[in-house]
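Q: how would this look folded up:
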Amino acid sequence: MKKLFLFIGFTLFLNAAFAQRYPINNLQFNQWYVTPYNCYTLSWMPPDSSLTDTLLGYNIYRDNNFYRFTTTTSQQCIPCLGDTSTAFCGSFMQYNNGHFYIHVTAVYNSAQDESNYADSAEFQGLAIGLNEMEPDEDISVAPNPFISSTTLYSNRSFGNASITIVNSMGQCVREMKHLDGQSFNLERQDLNSGIYTLKFVGSNDWFIERKLVVIN
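A: Numbers count the residues shown, from 1 in each chain. Okay, the predicted model is just below:
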C-alpha cells in the first residue's frame, strides 16, 4: 500500500511538472506622443522552454478581453519614427475610452492551452495637446556622440519632465521620470553603440526630440 501511495504521488508530481504552461517574461509597454501621433511599443520575452509543450504563439488581452493572436514577441505603432504600418496603430488603443490593462499569455499545443500571466501593463489613454517647444526654449546634449556619459542642458527648468530613449528599431530602452532643474547627467550603462532618439515631455505640455549617438 505504501508503494502504491508513493507511485501515485510521484505520478501526480510528474503530471504537474510536465503540464506546466510557462508564462511570458518581462512584459514592457511604452507610449509617447509626437504631434500628431500617439506612438507605442508592446514587447515581451518568450517563456521558459518546456520539454513537453509546443509553443504556438501569444494571445494579447485588453483587460480580460481577447484582442489578437500573434507569433511575434512585439507589436508597435511608431509613425513618428517613419513607421507607415497601420496594423496596430488605431484599433489597439481605441478601447474602453482609452484606459485598460494589457496582459499577454503564451499559447501551447494543438489544443491552444494558455498560460497564466505574471504581470500586466496599463494604458492610460491617448495623449493630446502637447506643444512643440519653441526654438529659443532649447535643450542641448553634450558631448554628443559620447562614450560613457553625457549631459542634457536646458535654458529653463525641465519642470518635472520625463525622458524616453528609443533605439533605431523603435523600442524604448530607457525611461526617466520626474526630472527637474536645468541639467541632467545621462550615464551610458547598458546602451549599445548606435543612434537613439531622446523624447522629452514636460508637465507643462511641451515636448522636444534630440538625436543621441553612442560610440565605443
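Q: Let me see the ranges of the helices in this structure.
A: Taking DSSP state H as the test, the helices found in the chain are 2-18, 90-93.
Q: Lowest average pLDDT across those?
A: When the helices of the chain are compared by mean pLDDT, helix 2-18 comes last with a mean of 43.
Q: per-domain residue ranges of this protein.
A: Using automatic domain parsing, the domain parsing of the chain gives 23-123, 131-214.
Q: Redo those as a markdown table? Include mean neighbour count.
A: For the C-beta atoms, the positions are set from N, CA and C on the backbone; glycine is no exception. Converted to a markdown table, these look like this (neighbours: other CB atoms under 10 Å):
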| stretch | mean neighbour count |
| --- | --- |
| domain 23-123 | 16 |
| domain 131-214 | 15 |
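Q: and the nearest residue to residue 146 once chain neighbours are set aside, bridged to which residues?
A: Nearest non-adjacent residue to residue 146, counting by CB to CB, 6 or more residues apart in numbering: residue 214, 6.6 Å away. Counting by DSSP bridges, residue 214 is bridged to residue 146, residue 194.
Q: now residue 25
A: Beta-bridge pairing for residue 25 (DSSP bridges): residue 45.
Q: ditto for residue 163
A: Bridge pairing for residue 163 - DSSP bridges - gives residue 176, residue 200.
Q: Same check on residue 77?
A: residue 40.
Q: thinking it is in contact with residue 42, fair?
A: No - contact between residue 77 and residue 42 fails when scored by CB atoms under 8 Å: they sit 9.2 Å apart.
Q: Which residues are in contact with the nearest residue to residue 187 once chain neighbours are set aside?
A: Excluding the flanking residues, the one nearest residue 187 by CB to CB, 6+ apart is residue 149, at 5.0 Å. By CB atoms under 8 Å, 6 or more residues apart in numbering, the contact set of residue 149 is 185, 186, 187, 188.
Q: cool, and residue 182?
A: By CB under 8 Å, 6+ apart, residue 182 lies in contact with 153, 154, 155, 156, 157, 158.
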